[in-house]
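>>> kindly return the folded structure for what I paste below:
(chains A and B, ligands or ions: 1)
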Amino acid sequence: MSVANPVLRPADVASLQEAVREHPSVWPRGAGTKTALQPPEGAVVLDLSQLRGVVDYDPQEFTFTALAGTPVREVEELLGRHGQYLPFDPPLCGAGATLGGTLASGLSGPGRYRYGGVRDFVLGVRFVDGEGQLVRAGGKVVKNAAGFDLAKLLVGSLGRLGVVAELSFKVFPAPRARRTIRVDRSDFEGVWEVLRALYTSPFDPEAADLVPPGTVWVRVAGRPESLAARVRRLLDFLSHGAQVVEDDGARVWEEAREFRWVPSGWTLVKVPVTPRRLPELERELGRGDSRRWYSAGGNVAWVAWPGDVSPLAAVLDRLGLRGLRVLGPPGPPFVGRPELDGFGRRVKQALDPLGRFGPYA
Amino acid sequence: MDPARVIEGLRTIYPADRVLVRPAELAPYESDALTAFRARPVAVVLPQHRDEVVATVRWCYEHRVPFVARGSGTSLSGGSLPVPGGVVIALNRLNRILRLDPEERLAVVEPGVVNLEVSRAAAPYGLYYAPDPSSQPVCTIGGNVAFNSGGAHCLKYGMTSNHVLAIEAVLADGEVVRFGGESQEEVGPDLVGLFVGSEGLFGIALEVTLRLVPRPEAYRTVLAAYRSLEAAGDAVARVVASGILPGAVEIMDRLSIEAAEAAVHAGYPQDAAALLIVELEGEEPEVEAELKELLEVVRASGAYEVRLARDEVDRQRIWKGRKSAFSAVGRLSPDYLVQDGVVPRTRLGEALAEIERLSRRYGLRVANVFHAGDGNLHPLILYDGRRPGELERAEELAGEILRLCIRLGGSITGEHGVGMEKRHYLAEMFSEQDLRVMRRLREAMDPGRIANRGKMFPEAQETAALRTA
Ligand SMILES: Cc1cc2nc3c(=O)[nH]c(=O)nc-3n(C[C@H](O)[C@H](O)[C@H](O)COP(=O)(O)OP(=O)(O)OC[C@H]3O[C@@H](n4cnc5c(N)ncnc54)[C@H](O)[C@@H]3O)c2cc1C
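Below is the predicted model of the structure:
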């Protein structure tokens, strides 16, 4: 943005509410790691970095509650000390991503393959709505069907339905051992077949990513005493071209989570897709300059794009897909079909009647 | 509106044989599995095509006639209880599986498809639909979506909400909307997440895209018997703390064990005060390794008998006893109320002891059979509706249990929904402010307040809130 936006750094939830009430246009920011998502002109940035800290964590419950500006890394370290983790590999945590930002951008890393993404682990939220009111939804227990599930609604809401102040998550016991297998084939079709076979098999890996032109990365996690047997069986199943990676693959998963493979200055777009459609997408995108990383068993295409994204938008449109801009130069959040449908429009109107949080398009 | 005019209006949409109006025809629709309540609708319509559902909703909106969508009527919270003078839209005939795509691991179904039918259709491909409410042989996907239903196997893979990819719905003012997609990932707000669990207050789901998962390679099912319910409750915390992630952790108390045994001969140890069922699932080598540790943990937790299901038949028998427990307990008593509050898992033992105390104080038997791994209680309060005042006493006891759950930091419902039964307790769990936002959302989808009116939010309170808004 050329025009600098004013920034407020509320020190507590009450001042956050006040800030929302006092300004006609506000825009929440965690650590700003999703660089392509920037405030509209004139909006007051609500920097949530002061709303930070875990407020409730009982390891025996496998749940925690933390303020929205808490860095995910901090939470991961805390959980790790108790042998627990957030299984969905929240992205950009090395860069400082916050819990609130992870929820609001709706991003999950390779680990979402096994147990689901951020939407599947959030239990409850407290958020500030368009009238500056603090609203609680969901709860702190692992199961809860009371009232509308606004915590899920806010996943991917990009700060445009409300400002998340506090979140509760469930967590899982962390696997004590991991191995990474890489499978190489001479062409995309070849590795794609590998991924698809794995996708419908009873094998239970933690992550399965496909990196063009010809590699599938599979991460197996669990108990140390059974890992060798599991890896052996998986190698058999994946057959030729499959091998265990030396360093447990930590490097490649880190690269995936932090998007280190994205050249600096390029735009990174998240495109939800299904495994069957990968070849089609690959045919369209493989010709040009872009780079792709297919994650979560082929349910998301991360596309890195140099320069103006309108050609990408055209491709996505043609394929009936839609993307979210994550890294790179700022721009409107959605790439491809931008519209919210009737249901989404009504939600927006109900939660933000005054339009303080800005439109989606 | 004059009933005759409602019927006349509905007959412009349906042939006469699919508009039920005679008392004898209406009777089966007058209540759901919360049998303490009944209400007579003006008519029940039986759509066979989604367009008929849409036309009905539009007609109802135009004439401000309340409607209630109904699947199989197994709601335990009065969710499908008719609104007097309104219309029931019975969706059982919309029961086609429109697409089953094993490679993409998804199924597109109409709302009246029975839960278990999805798994049955997926079985030849080694896939299944994970959420497994005990009512799964009869309850519908539409009802599951409305309530975000769970089941015994939600610990690892979540509830209905975690398995719905896309929804097409007609909102309560007749607009047809579609959200979500075929991918497990999305961009933009999670509208599917909002719709699931909205208890029919937004409108009617017409088509639901479900995620299927590969059937685990191996199951190991452990049955452990305890001398006290509290000990079983505490064992759950130990299992959870051990770092094992079971597919299911269930508890049954003495009353439900006896009832289940009498009903289906599950082969449970008869002298137990409580049974713990823990099921592991996954890859064979992993499950075997977990089993070793699980058996150690369970033995150390004070179980006096520990059994392992010998084979699939044995395993099915164990589950049959558990899953038929509600109806089995029902045979012990003319009537019962089921609560499904949630408590933090570390407080299970405490909650169970308190429920037992309450049961004695109220002089009403309470059977417990529940999703212990999730901290999701299911106290069944036995009463006899023919004895004056007993229903009221049962309801009062139920209320105390709900408050107990709130006090312990839990929830008034884990999976059965608020419905009409718990609507007065929602306000004890959420602030007026929280509820105002929920009502505003409801209002946005249902400006005429005709969809499942009186559920989740008490009607009078709702009207008052609208006046001040
Ligand atoms: C013996 C027994 C065991 C049970 N076990 C469990 C269990 O383990 N876990 C659990 O979660 N529940 C359980 N239940 C409760 C019940 O089965 C579930 O709530 C189920 O999802 C209801 O499905 P249904 O088709 O019967 O819906 P109904 O009772 O007909 O309707 C339920 C609600 O859904 C709404 N609805 C129905 N179809 C639609 C639609 N297409 N669009 C929008 N709204 C709709 C209705 O208006 C109503 O509010 C049990 C019930 C019984 C009787």
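
>>> and the stretch 1-150 of chain B, which residues reach chain A?
Contact residues (Cβ under 8 Å from any Cβ of the partner chain) of the stretch 1-150 of chain B with chain A: B:Pro102, B:Glu103, B:Glu104, B:Arg105, B:Tyr125, B:Gly126, B:Leu127, B:Phe147, B:Asn148, B:Gly150. The way it works is simple: take the backbone N, C-alpha and C, and place the C-beta from them, glycine included.

>>> mind redoing it with 6 Å?
Residues of the stretch 1-150 of chain B lying close to chain A (Cβ under 6 Å from any Cβ of the partner chain) are B:Glu103, B:Glu104, B:Asn148.

>>> and A:Arg179, which helix or strand is it part of?
Here A:Arg179 sits within strand A:177-184, counting by DSSP states H and E.

>>> would you mind confirming that B:Leu201 makes contact with B:Asn452?
Yes - taking Cβ atoms under 6 Å as the definition, B:Leu201 is a contact partner of B:Asn452 at 5.2 Å.

>>> those two: who's more crowded?
Using other Cβ atoms under 10 Å in any protein chain shown, the more surrounded residue of B:Leu201 and B:Asn452 is B:Asn452, with 30 against 24.

>>> got a list of contacts for stretch A:345-361?
With contacts defined as Cβ atoms under 6 Å, 6 or more residues apart in numbering or on different chains, stretch A:345-361 is touched by A:Val26, A:Pro40, A:Asp129, A:Gly130, A:Arg160, A:Leu161, A:Gly162, A:Pro338, A:Leu340, B:Arg440, B:Leu441, B:Ala444.

>>> between the residues you listed, which sits nearest the ligand?
B:Leu441 (15.1 Å; Cβ to the nearest ligand atom).

>>> roughly how far apart are the nearest residue to A:Pro202 once chain neighbours are set aside and A:Ala19?
Of all residues not flanking A:Pro202 in the chain, B:Glu217 sits nearest, at 4.1 Å (Cβ to Cβ, 6 or more residues apart in numbering or on different chains). Note on B:Glu217: its distance to A:Ala19, by Cβ to Cβ, to the nearest Å, is 53 Å.

>>> over to A:Ala207?
Counting by Cβ to Cβ, the gap from A:Ala207 to A:Ala19 is 39 Å.

>>> the more surrounded of these two?
Between A:Ala207 and A:Ala19, counted using other Cβ under 10 Å, the more crowded position is A:Ala207 (27 against 20).

>>> in the stretch 101-250 of chain B, what residue lies closest to the ligand?
B:Gly143 (2.2 Å).

>>> how about the stretch 51-200 of chain A?
Proximity of the stretch 51-200 of chain A to the ligand (Cβ to the nearest ligand atom) peaks at A:Ala145, 7.8 Å away.

>>> number of residues surrounding that residue?
29.

>>> show me what contacts it?
B:Asn148, B:Gly197, B:Thr413, B:Gly414, B:Glu415, B:Gly417.

>>> okay, among those residues, which ones form the most distant pair?
B:Gly197 and B:Gly414 (11.3 Å; Cβ to Cβ).

>>> more neighbours, those two?
Of the pair B:Gly197 and B:Gly414, B:Gly414 is the one with more neighbours under other Cβ under 10 Å, namely 32 against 25.

>>> show me what the nearest residue to the more buried one once chain neighbours are set aside is bridged to.
Using Cβ to Cβ, 6+ apart and skipping the chain neighbours, the partner closest in space to B:Gly414 is B:Asn376 (3.7 Å). Taking DSSP bridges as the rule, B:Asn376 bridges to B:Val342, B:His371.

>>> contact partners for B:Asn376?
For B:Asn376, the contact set (Cβ under 6 Å, 6+ apart) comprises A:Lys143, B:Val342, B:Phe370, B:Gly414.

>>> hey, where'd the helices end up in the stretch 1-150 of chain B?
Using DSSP state H, counting those that start in this stretch, the helices of the stretch 1-150 of chain B run over B:3-11, B:23-26, B:50-63, B:115-122, B:141-147.

>>> ok, which of the ones you listed comes nearest A:Pro212?
Per Cβ to Cβ, nearest to A:Pro212 of the helices of the stretch 1-150 of chain B: helix B:115-122, 30.6 Å.

>>> quick one: contacts of the closest one?
By Cβ under 6 Å, 6+ apart, helix B:115-122 touches B:Ile97, B:Leu100, B:Ala107, B:Tyr128, B:Tyr129, B:Gln136, B:Pro137, B:Cys139, B:Leu212.

>>> what is the first one paired to in the beta sheet?
Pointing back at B:Ile97 there. For B:Ile97, the beta-bridge partners under DSSP bridges are B:Val109.

>>> thought it was touching B:Pro111?
No - look at B:Ile97 against B:Pro111 with Cβ under 6 Å: they stay out of range, at 11.7 Å.

>>> near residue 167, how many other residues are there?
Picking chain A for this. 29.

>>> my bad, the chain I had in mind was chain B
B:Ile167, neighbours per other Cβ under 10 Å, totals 21.

>>> tell me the SS of it?
Following DSSP: H, G, I helix; E, B strand; the rest coil, the label given to B:Ile167 is strand.

>>> partners of it in the sheet?
Under the criterion used (DSSP bridges), B:Ile167 bridges to B:Phe179, B:Val208.

>>> now do the contacts for it.
Here B:Ile167 is in contact with B:Gly180, B:Val192, B:Phe195, B:Ala205, B:Val208 (Cβ under 6 Å, 6+ apart).

>>> repeat that with 7 Å
B:Phe179, B:Gly180, B:Val192, B:Phe195, B:Ala205, B:Val208 (Cβ atoms under 7 Å, 6 or more residues apart in numbering or on different chains).

>>> same deal with A:Pro91?
By Cβ under 7 Å, 6+ apart, the neighbours of A:Pro91 are A:Ala97, A:Leu107, A:Gly109, A:Arg257, A:Phe259.

>>> same thing but at 8 Å, please
Counting by Cβ atoms under 8 Å, 6 or more residues apart in numbering or on different chains, A:Pro91 makes contact with A:Ala97, A:Thr102, A:Leu107, A:Ser108, A:Gly109, A:Arg257, A:Glu258, A:Phe259.

>>> what of B:Arg70?
So B:Arg70 contacts B:Tyr29, B:Asp32, B:Val44, B:Ser80, B:Val88, B:Ile89, B:Ala90, B:Leu91 (Cβ under 8 Å, 6+ apart).

>>> could you rerun that using 10 Å?
Taking Cβ atoms under 10 Å, 6 or more residues apart in numbering or on different chains as the criterion, B:Arg70 is in contact with B:29, B:32, B:41, B:44, B:79-82, B:88-92, B:112, B:140, B:142-143, B:146, B:200.
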